Structures are given as structure tokens and as C-alpha cells.
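>>> Build me a model from this:
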Amino acid sequence: MKISSKVSEIAAIKEVRKELVAQQKGYGKKKGVVMDGRDVGSVVFPDAELKVFMSANLQTRAERRQQELLEKGDLVDLEEIKNNLAKRDEIDSSREVGPLIKVSDAIEIDTSYLNFQEQVAQIVDKAKQIIEKEKAMQVTIDKNSGYCFGVEFAIKMAEDEMEQSEKLYCLGDIVHNDMEVKRLREKGLVVIDRDELQDLSDCKVLIRAHGEPPETYKTAIKNNIELIDASCPVVLKLQHRVKTAFDRMERENGQIVIYGKKGHAEVIGLTGQTLEKAIVVMEESDLDKIDYTRPVTLFSQTTKSTKGFYELSGKIEDRIKKANSNFEEVPFNANDSICRQVSNREPQLQKFSHDNDVILFVSGKKSSNGKALYQVCLNENKRSYFIENETEMNPEWFRPEDKVGVCGATSTPMWLMEQVKSHLESMEESALPI
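Numbers count the residues shown, from 1 in each chain. The predicted model follows:
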């Protein structure tokens, strides 16, 4: 009993505590270690897979201690034991190094009215639950996926405007995602095309994040249409750069080349800055449209792949050199105008795809950005699947123990990815192959 009363005081000494913790950590380097101690879960093994905080009322603890001492032939008064335990608790809970505390992720078991076998049974049951949970499918949404700033801004402007107006027209789908378009349509957003714009007057029309060519603004003035301009600032800046470069190329008998998808809303806005003289290229075969004896200024659609842009830029440069073998230098200016919020997602998605067994890439089929980012996932993880919504999932894609990652394009709403996650988690276990 005399030794017992001194244990907490000695253990509270910093040097002693440090040495004890180091020894305990050494024992725990091997897997499958079970260890008890007052700060094992808080200091020694803060990342332990299972932490159990055993508690009991003071009376029960004192009675158990008294029984232990009696079995050793020690006759000690119960009140003396209670006082000793209370003093130890005070020292242990207030010591600077390794205090006695219940960490937030520990499971507390009150053993006051449990025998030894019952205590062990509860701990084993908790351990089994953790093992079963580790075997179960884990579904994670990529925190970097979802709307880019431009799309989020456009949707917010549309929703704010529809709170004040019964009807709001939008020139083209506000986002390349059919489910989000449907949601906004139900709120009063009416999608129109450029031909329908010509017949409208005295109304409000939203310009989406992709931007518009100068002709659209002229039509609005002519028809007394109020434009709610939600053009992405990145796109607007690019339009200005293209217009400035075009004016210079006109003076120098040069060409504006845009790496992008012909007919894409953003590309239409960019070519509009060049009186439709810009050459749009996406495949190597498109490069035959360029005159390599004349100056070339290259830009990119903001949502294209950086890898694709630099590969195409290199091919243009090679063709210029071959076409001018007389060593006459032809000016070539390549401008990487890809949005960094978009391009930075490529390395992030590579890691996310690598860290998961299965990838569910959620995107509208119309999204150019979606197609490019899905390819990034597929290149890293062959078990990557492109879906528009949860109804397109196939149970045969999954195993019960899989880690599944849900991600999407810059046009994919977070609510849709959450819907996919919830649907997968609610699938009957019998529906998944074992």
C-alpha cells in the first residue's frame, strides 16, 4: 500500500514519464498489441484503432483494490484505500505530462457493476464492430470537385433574380448538367437559343459563365433586353486579350488560333472577338487550317487540358520551323489561358483516383471539362466510371470492401455527388457481388 501511494507521484515526474512513454511506444511497434495505462490512448498511442476508457465509481474501485490486497495478505482499511485512490486521481488528472483524461474518440465502459468476463466481452464486441466497419464499403466525395467560381456565381445570380421575377431567360444551358438545368427550370429559368433571342424584347436575359460574343450585346440593345451578365471574370479577361491580340494580328497579317471545341459557348464568345476570323483547333488534323508562313498567336479555351494545350503548341511550333526552312523567323506566341482553378484539379484528381479502388465520376455528357477530367481519372484508375446520376450505377462495379471515390466536373453540383454517395451507401448488400 505504501508503494501504491507513491506510484502517481513518481509517474508525474517528467523524466520518468518520458522514459515510460518511450518504452511503451517501443512495445507497440508491432501490430496487434493490447496495452493498458492511464494515458495510453491520449499520449502513447493517439492513433490507436480502438481506445477504451474504463471507469468505475470510487466505492467499487476501492472494494476491488481491497480484495486484491487481501489476496496478497495485506489488511488495509477501505476508507484508507478510497482516500488513496482519490489522491491518485487528483494527481493523475492534473499532471502536466500525460494527464488522466478521456480522449474524444475513446469508448467509455462503466465497469462498476460488471465482472471481469463481462468487461472483456464488451471490449471484444467493440473490436468486432471496428473490424466489420473496416470491411464495409467506404464512400468519399472529393472535396475539390464541384462548381468552379464562374459557374457558382452564375447560378447564384440566376436564383437571386428569379426571387424577384416570375421569368428569367437564359441564353443556353446555364451549366452542362441536365439535372441542375432541370432544377432551375422548375424555379422559372427558361433556356433559349440565339435564334430565339432575336425575337425577344422588353425582358431579362441571363448571360451564363461561358460569356458571349459582341453580337449578343448589340441584339440586347436593339431589342431593349436587360442583360444579367454572369460571364466568368476569367473568361471576360480572356476575351479582352483575344481582342487585343486580334487587332495586332490584323496589322501584322497574322492569325489567331484557339485551342478549343468548335461550337462550344465559350469558344463562340472568343471567336466573336475576332470577327469570326479565329481558327479553332482541337485535333492534330485541325492544324492544316493554319498558314505557317504567317505570324500565329495561340490561346486556349479556359477549361481545356494543360497537357493537350502544350502538346498542340509544340506541334504548331514544329510546323512553323519546317515551313520556314530558309531560317526566316515567323512570330509564334502561345498563351496558356487555361483557368488554374480547373487545371489544378488534374493532379488533385490523379491522387484521389489513386487513393480509391473505384471512381464514380459524375458529370453531364455535354461537359467538355467533364470529359477531360474523367480521362484523368481513367488514366490513373481503370475502375473509373462516368455517370450522369445515381440511376446509371451498376452494382457489378463494386465489392463490399471497396473504397469508392465520388468526384465530378466544374459543372457538377455538390448536391448531385451527395445524392450519388447516399444511393450507393443505401444499396442492399445482397445487390453487391461478394
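
>>> Could you list the low-confidence segments of this structure?
Applying pLDDT under 70 to the chain flags residues 1-12, 17, 27-32, 37-38, 41, 97-98, 131-135, 326-327, 428-434.

>>> Apart from its neighbours in sequence, what residue is nearest V234?
Sequence neighbours aside, C339 is the residue nearest to V234 in space, at 5.0 Å (criterion: C-beta to C-beta, 6 or more residues apart in numbering). C-beta: built from backbone N, CA, C; applies to glycine.

>>> thought that neighbour was touching T303?
Yes. Assessed by C-beta atoms under 8 Å, C339 is found in contact with T303 at 6.6 Å.

>>> Show me which of these two is the more surrounded one.
T303 (29 against 22; other C-beta atoms under 10 Å).

>>> That one: what secondary structure?
Each residue gets one of three states, and T303 gets coil by DSSP: H, G, I helix; E, B strand; the rest coil.

>>> List the residues that contact it.
E266, I338, C339, V342, S368, N369, A372, T410 (C-beta atoms under 8 Å, 6 or more residues apart in numbering).

>>> Try it again at 6 Å.
The contact partners of T303, taken as C-beta atoms under 6 Å, 6 or more residues apart in numbering, are V342, S368, N369.

>>> how near is it to E329?
33 Å (C-beta to C-beta, to the nearest Å).

>>> So which residue is smack in the middle of the chain?
Nearest residue to the geometric centre of the chain (C-alpha atoms, centre = their mean): K143, 2.0 Å.

>>> Over to it: give its phi and psi.
Main-chain torsions, K143, degrees, to the nearest 10: phi -70, psi -20.

>>> D288: neighbour count?
With neighbours defined by other C-beta under 10 Å, the count for D288 comes to 8.

>>> which SS class is it?
When classified by three-state DSSP, D288 comes out as helix.

>>> same question, the one 4 residues further on
Classification of Y292 by three-state DSSP places it in coil.

>>> residues near it, how many?
For Y292, the count of nearby residues is 18 (other C-beta under 10 Å).

>>> And M157, by the same measure?
If we define neighbours as other C-beta under 10 Å, then M157 has 19 of them.

>>> what ranges do the strands span in the stretch 301-434 of the chain?
Remark: strands of the stretch 301-434 of the chain, listed N- to C-terminal, are 332-334, 358-362, 384-387, 403-408; assignment by DSSP state E, counting those that start in this stretch.

>>> same question, the stretch 51-200 of the chain
Under the criterion DSSP E, counting those that start in this stretch, the stretch 51-200 of the chain contains strands at 52-55, 107-110, 138-141, 168-171, 189-192.

>>> returning to that earlier point: among the contacts of T303, which one has the most neighbours?
The member of these that has the most neighbours, counting by other C-beta under 10 Å, is N369 with 25 neighbours.

>>> give the contact list for that one.
N369 sits in contact with T303, A409, T410, where contact means C-beta under 6 Å, 6+ apart.

>>> ok, it to E71 distance?
When distance is defined by C-beta to C-beta, N369 is 73 Å away from E71.

>>> nearest to V257, of the contacts of T303?
S368 (17.7 Å; C-beta to C-beta).

>>> Leaving out the residues flanking it, which one is nearest to that closest one?
Nearest non-adjacent residue to S368 (C-beta to C-beta, 6+ apart): K261, at 5.3 Å.

>>> which phi and psi does that neighbour have?
Here K261 shows phi and psi, under degrees, to the nearest 10, equal to phi -90, psi 120.

>>> How about stretch 262-279, which residues are buried there?
Neighbour counts using 16 or more other C-beta atoms under 10 Å place 264-274, 278-279 of stretch 262-279 among the buried residues.

>>> Greatest separation within those: which pair is it?
Pairwise distances across these peak at 18.4 Å for A265 and I279 (criterion: C-beta to C-beta).

>>> And stretch 159-172, end to end?
Its start and end residues considered, stretch 159-172 measures 16 Å (C-alpha to C-alpha, to the nearest Å).

>>> just how off-centre is that stretch within its chain?
The gap between the average C-alpha position of stretch 159-172 and the chain average comes to 30 Å, counting by C-alpha atoms, centre = their mean, to the nearest Å.

>>> what comes up buried for that stretch?
Within stretch 159-172, the residues that count as buried by 16+ other C-beta under 10 Å are E161, M162, L168, Y169, C170, L171, G172.

>>> Equivalent analysis for stretch 379-391, please.
Judged by neighbour count using 16+ other C-beta under 10 Å, the buried positions of stretch 379-391 are E380, N381, R383, S384, Y385, F386, I387, E388, E390.

>>> Can you tell me which of the residues you listed comes closest to V139?
For V139, the nearest member of these is E390. The distance, counting by C-beta to C-beta, is 11.8 Å.

>>> So the closest one versus E159, what's the distance?
When C-beta to C-beta is applied, the distance between E390 and E159 equals 24 Å.

>>> Repeat that for Q255.
Counting by C-beta to C-beta, the gap from Q255 to E159 is 41 Å.

>>> Need the contact partners of stretch 116-136.
L50, V52, I107, I109, T111, E401.
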